[in-house]
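K.L.:
Task: produce atomic coordinates for the following.
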Amino acid sequence: MFFKQHQAPHATLSYLFGCVGEAKAVAVDVVAGDEDWFIEEAERTGVKIAYVIDTHVHADHYSGGPTLARRVGAPYALHASSQVAFEFMPLVDGQRLVAGNVVVNVLHTPGHTLDSICLLVRDLRRGDEPWFVITGDTLFVGAVGRPDLAGRELEMAGLLHDSLHQKLLTLAPELEIYPGHQAGSACGTGLSGKPASTLAFEKRFNPMLALTREDFVGALTSTPPPPQPADMAAIVAANLRGVLPSFHPG
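P.N.:
The predicted structure is shown next:
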């Protein structure tokens, strides 16, 4: 298995990983303007990108996922509840995607948005146990996703608590976590600058994970949220259409 984490603009973390032996790869949360990097890295590694996935419809940056998918001839995938206005590969909770010896299981984890997913990854050449989980904007290092961008803040905060405790925190504590953002992102408060962690470390030191559901919802909704991402309405509209404006900043 190969694994590459790409630090993109807007404190966004993108991923390219897969199976060298079977020459298949998965690209996750590609930022517009970074498509060439993914294509060049895939060519350098000797693999073909088999799936392009966004963990949700992003509000802080233009997605390069649809463009990359078209360029490499791969399906562009989102959770089935996503309200995009173009054809995509719908993913559902528990779905299994295979890229050679690398297997990805989809976890539907609403809370940051209704369509948020996490990706549980196995390398069958090492064993059948999961190795790591890409957590999108559900769980960060030292923080959790913000629940207010999709509206219905109280409801979304409760859903986020449920997703964390019923999906992610039930997984093996030694699992590595790779989030969608690090410090500097508008998608959460208190994010660490460290781009990875483990579930065990987060359970012990992430202050949000020790709270009851009531206290968790209160903590996320009782104080004013950070400012919304710049140009959020335009970004969301473009990502829902799958067509980037010519002036996008990448």
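K.L.:
from here on, contacts and neighbour counts on C-alpha atoms
P.N.:
OK.
K.L.:
Go ahead and name everything in contact with the one helix or strand residue 40 maps to.
P.N.:
Using DSSP states H and E, residue 40 sits in helix 35-45. Applying Cα atoms under 8 Å, 6 or more residues apart in numbering, the external contacts of helix 35-45 come out as 16, 20, 25, 27, 48-49, 64-65, 67-68, 72.
K.L.:
Kindly recompute the last result at 7 Å.
P.N.:
48-49, 64, 68 (Cα atoms under 7 Å, 6 or more residues apart in numbering).
K.L.:
Sort out for me which of those residues are in helices.
P.N.:
Per DSSP state H, helices hold the following members of the contacts of helix 35-45: residue 68.
K.L.:
Determine how far stretch 68-86 lies from the middle of the whole chain.
P.N.:
Centroid separation for stretch 68-86 versus its chain: 14 Å, with Cα atoms, centre = their mean, to the nearest Å.
K.L.:
All the helices of the protein, in order from the start?
P.N.:
Under DSSP H, the chain gives helices at 35-45, 65-72, 153-163, 199-205, 213-221, 232-241.
K.L.:
picking that back up, could you check the helix holding residue 40 and say which residues are buried?
P.N.:
By neighbour count with 16 or more other Cα atoms under 10 Å, helix 35-45 contains the buried residues 35, 38-39, 42, 45.
K.L.:
Report the contact partners of the residue nearest to the spatial centre of the chain.
P.N.:
Closest to where the C-alpha atoms of the chain average out (Cα atoms, centre = their mean) is residue 136, at 2.4 Å. Counting by Cα under 7 Å, 6+ apart, residue 136 touches 55, 117-118, 179-180.
K.L.:
burial count for the residue nearest to it when sequence neighbours are not counted?
P.N.:
Excluding the flanking residues, the one nearest residue 136 by Cα to Cα, 6 or more residues apart in numbering is residue 180, at 4.2 Å. Neighbour count of residue 180, defined by other Cα atoms under 10 Å: 29.
K.L.:
need the contact list for residue 180.
P.N.:
12-14, 135-137.
K.L.:
and what of residue 128?
P.N.:
residue 122.
K.L.:
quick one: it from residue 74, how far?
P.N.:
Per Cα to Cα, to the nearest Å, residue 128 is found 26 Å from residue 74.
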